[in-house]
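Visitor: Here you go, sequence then predicted model.
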Amino acid sequence: MKHMMDRKTLGELASVQGGICLSIFMPMYPAPPENRQNHIRFKNLVNEAERRCVESRANDAETKHLLGPLRNLLEDPFFWLGGHEGLALYRSSGLFRLFHLPHSVEEACIVSERFHLKPILPLVGNTMPFFLLALDLGESKLFRCDRFGMEQMRLENTPVGLDDALRYDDPEQQLQFHTGTPQGPGKRAAIFHGQGVGVDDAQHKSNIRRFFTQLQKGIHAALKSEEAPLVLAGVEYLHPLYAETNQYPHLIDAGVHGSPSRMTDRELHRKALQLAETVYERRRREALERYDDLAGTSRATADMEEIVKAAFFGRVETLIAAEDRSVRGGFDPAAGMVTVSKEAKDDLIDLAATQTLLHGGDLFMAASKEMPGGRPLSALLRY
């Protein structure tokens, strides 16, 4: 039932025009006992949707067809178990899409001739992709992440643990490491976690460097065409040792300190995301600064009409949009005409942001007080 949001799905939703397009947004309580209210709130929204369909002159058969999948959700107890912050639902005569959101949204029920996409644009434009390398001498792992979750990546032909690396690199050294001088019955030098002294400590760190040299080759091969930030997680003394061998140019200086094996995936993701967010916040500020630098030239504009047109024709390289503003209006691509009207159902900010993403541009959301000149949209143009 739940769908994944990407630029392809965004394009599918944006292409639906004409007839009744129903967009429903609802904040959700993720945990009990408050999550019992989710079902009641959604039922109220379905009833509101029915009223709006009738106001849009849909007949009984059309209304029943449009609202059928929504009423089915009301009868599905598993759907309301929670765990999400928000819900976005899109329904037309030939399409039904539902998205669980990791962020809250303002409750709304909108009926128009196109879908209202602004609340889900962060799922596409602000996903904050990054990579997470969980350093562990037993088994290190590489994850592909975004602000909503993470998944492990395979490292082909790459040792992911210290023992495997030493065995691969030098069988004699690997054997020597395993049969170090005993420190009493059933014991050996306490060097596995870097707590040894003298020669043992130096040798242990040398072994780790050899391991990381092999590991980073696999990381470099996996990420050679990527530009997203890489976050390290691991006990503190491992970070500088890996940094010595790193060749990926987008490694973040700060890292998550602590053993990854002692953290849940949710905790590990949360801590890594906090570091990745600092990178994307810097890029957002740089976009604002770059706009200020180019203001007054043909490459920068805050004119609403020009931006909407440029977005539809793929000329917007970077769009900065006010997240807390709405400008009602419409755009006729055939006539190249933008209209602004409080009576219109479409949001020009929504239209410009959607088209920017569909044409491969970057989207940054900002509060109105941060917007250049206080305007609702600012854009850097490709040409």
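Guide: Okay, I see it. Given the structure is predicted, the values throughout are model-derived calculations rather than measurements.
Visitor: Can you list the low-confidence ranges for the stretch 151-300 of the chain?
Guide: Confidence mapping of the stretch 151-300 of the chain against pLDDT under 70 gives the ranges 168-199.
Visitor: What segments of it are strands?
Guide: Secondary structure of the stretch 151-300 of the chain (DSSP state E, counting those that start in this stretch): strands at 230-234, 256-257, 300-301.
Visitor: Val235 and Phe78, how far apart?
Guide: Counting by C-beta to C-beta, to the nearest Å, the separation of Val235 from Phe78 is 40 Å. The way it works is simple: take the backbone N, C-alpha and C, and place the C-beta from them, glycine included.
Visitor: okay, the two: which has more neighbours?
Guide: The neighbour comparison of Val235 against Phe78 (other C-beta atoms under 10 Å) goes to Val235, with 16 against 6.
Visitor: In space, what's closest to that one - neighbours in sequence excluded?
Guide: Distances taken as C-beta to C-beta, 6 or more residues apart in numbering put Ser259 closest to Val235, at 5.6 Å, once the chain neighbours are dropped.
Visitor: buried residues in the strand ranked longest in the chain?
Guide: Longest strand in the chain, counting residues (DSSP state E): strand 17-27. The neighbour-count check on strand 17-27 (16 or more other C-beta atoms under 10 Å) flags Ile20, Cys21, Leu22, Ser23, Ile24, Phe25, Met26, Pro27 as buried.
Visitor: who's the fourth one bridged to?
Guide: If I follow you right, that is Ser23. Taking DSSP bridges, one obtains Tyr90, Ile110 as the residues bridged to Ser23.
Visitor: Show the model's pLDDT score for it.
Guide: Ser23 is assigned a predicted lDDT (pLDDT) of 97.
Visitor: list the contacts for it?
Guide: Ala88, Leu89, Tyr90, Ala108, Cys109, Ile110, Val111, Ser112, Phe115, His116, Leu117 (C-beta atoms under 8 Å, 6 or more residues apart in numbering).
Visitor: With Thr9 as the reference, measure out to it.
Guide: 14 Å.
Visitor: Which residue comes closest to the spatially most central residue of the chain once chain neighbours are left out?
Guide: The centroid of the chain falls nearest to Thr127 when counting by C-alpha atoms, centre = their mean (2.1 Å). Residue nearest to Thr127 in three dimensions, not counting chain neighbours: Asp146, with 4.2 Å by C-beta to C-beta, 6+ apart.
Visitor: these two touch, right, that neighbour and Asn126?
Guide: No: with contact defined as C-beta atoms under 8 Å, Asp146 does not count as touching Asn126 (9.4 Å).
Visitor: Now do the same contact list for the residue nearest to Gly361 when sequence neighbours are not counted.
Guide: Spatial nearest neighbour of Gly361, chain neighbours left out: Val316 (4.7 Å); criterion: C-beta to C-beta, 6+ apart. Val316 is in contact with Ile307, Ala310, Ala352, Gln355, Thr356, His359, Gly361, Ala379, Leu380, Leu381, Arg382, counting by C-beta under 8 Å, 6+ apart.
Visitor: Most neighbours among the residues you listed, which one?
Guide: Within the contacts of Val316, most neighbours by other C-beta under 10 Å means Ile307, with 30 neighbours.
Visitor: And it, how far from Asp293?
Guide: Relative to Asp293, Ile307 is positioned 18 Å away (C-beta to C-beta).
Visitor: The closest residue to Leu135 other than its chain neighbours: neighbouring residues, count only.
Guide: Excluding its sequence neighbours, the residue lying closest to Leu135 (C-beta to C-beta, 6+ apart) is Gly234, at 3.2 Å. Per other C-beta under 10 Å, the neighbour tally for Gly234 reads 22.
Visitor: in this protein, which spans are helices?
Guide: Along the chain, counting by DSSP state H, helices occupy 7-14, 36-55, 60-74, 122-125, 162-169, 171-178, 198-222, 238-245, 265-294, 304-312, 348-358.
Visitor: Check what pLDDT the residue nearest to Phe99 when sequence neighbours are not counted gets.
Guide: Spatially, and ignoring its direct neighbours in sequence, Phe99 is nearest to Ala88 (4.5 Å; C-beta to C-beta, 6+ apart). Ala88 is assigned a pLDDT of 95 by the prediction.
Visitor: which residues touch Ala88?
Guide: Residues in contact with Ala88, defined by C-beta under 8 Å, 6+ apart, are Ser23, Ile24, Phe25, Leu98, Phe99, Leu101, Val105, Pro119, Ile120.
Visitor: Keeping just the C-alphas, turn stretch 272-281 into CSV.
Guide: Listed next in CSV are the C-alpha coordinates belonging to stretch 272-281 (Å, rounded to 0.1, in the frame of the first residue of the first chain):
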residue,chain,number,x,y,z
ALA,A,272,25.1,10.2,11.6
LEU,A,273,22.2,12.2,10.2
GLN,A,274,22.9,15.0,12.6
LEU,A,275,26.4,15.3,11.2
ALA,A,276,25.2,15.0,7.6
GLU,A,277,22.7,17.8,8.2
THR,A,278,25.5,20.2,9.0
VAL,A,279,26.9,19.6,5.5
TYR,A,280,23.6,20.2,3.8
GLU,A,281,22.8,23.2,5.9
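Visitor: Which of the residues in that stretch are classified as buried?
Guide: So, applying 16+ other C-beta under 10 Å, buried residues of stretch 272-281: Ala272, Leu273, Leu275, Ala276, Val279, Tyr280.
Visitor: same deal with stretch 144-163?
Guide: Buried residues in stretch 144-163, counted by 16+ other C-beta under 10 Å: 144-148, 150, 153, 155, 158-160, 162-163.
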